[in-house]
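J.: sequence-free structure coming up:
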């Protein structure tokens with residue numbers, strides 16, 4: 001049930017967090033009356049056609065560049081497994097940690113925490129302990 005609440009597939013009437021977000025949107029007449037002012041405040045065009053076309057072109061270009069790069073990369077291939085395409089990545093060669101990094105880790109005695117991770121270990125993704133921690 002919690003999952004469908006998070007996805008806003010079901011609603012709890014009267015609750016702000018779990019309620020129907022669309023119910024709080026202004027009606028068509030209210031929106032049309034406020035559109036120009038709101039768009040000016042946000043520095044947006046009142047009609048989205050131009051910006052949507054720009055975003056569409058940008059996404060299309062990025063997708064094509066990515067696909068071309070993927071096709072040219074020998075470490076990546078796409079295989080069909082059953083009825084689905086699966087991306088297969090060739091493993092990278094393991095690099096030894098620089099001596100200076102090992103020495104620094106030994107001097108400070110603190111475990112390495114990847115950027116953006118929760119240092120307490122709570123609330124974030126489960127992270128594998130770095131290799132240098134395995135040696136202790």
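T.: Nice, thanks for sending it over. No experiment lies behind these values; they were computed from the predicted model shown.

J.: which helices and strands sit right next to the one helix or strand residue 106 maps to?
T.: Per DSSP states H and E: residue 106 is located in helix 99-108. With contacts taken as 3 or more C-beta pairs under 8 Å, 6 or more residues apart in numbering; DSSP states H and E, helix 99-108 sits against helix 131-134. Glycine gets a C-beta too; all of them are placed from N, C-alpha and C.

J.: average pLDDT for the helix it packs on?
T.: Averaged across helix 131-134, pLDDT comes to 51.

J.: I'd like the distance between the spatially closest residue to residue 46 that is not a sequence neighbour and residue 51.
T.: Among residues not flanking residue 46 along the chain, residue 39 sits closest, at 4.6 Å (C-beta to C-beta, 6 or more residues apart in numbering). Distance from residue 39 to residue 51, counting by C-beta to C-beta, to the nearest Å: 11 Å.

J.: for the protein, give me the ranges with low pLDDT.
T.: Applying pLDDT under 70 to the chain picks out residues 5, 110-136.

J.: circling back to that earlier point, give me the neighbour count for the residue nearest to residue 46.
T.: As a burial measure, residue 39 scores 14 neighbours (other C-beta atoms under 10 Å).
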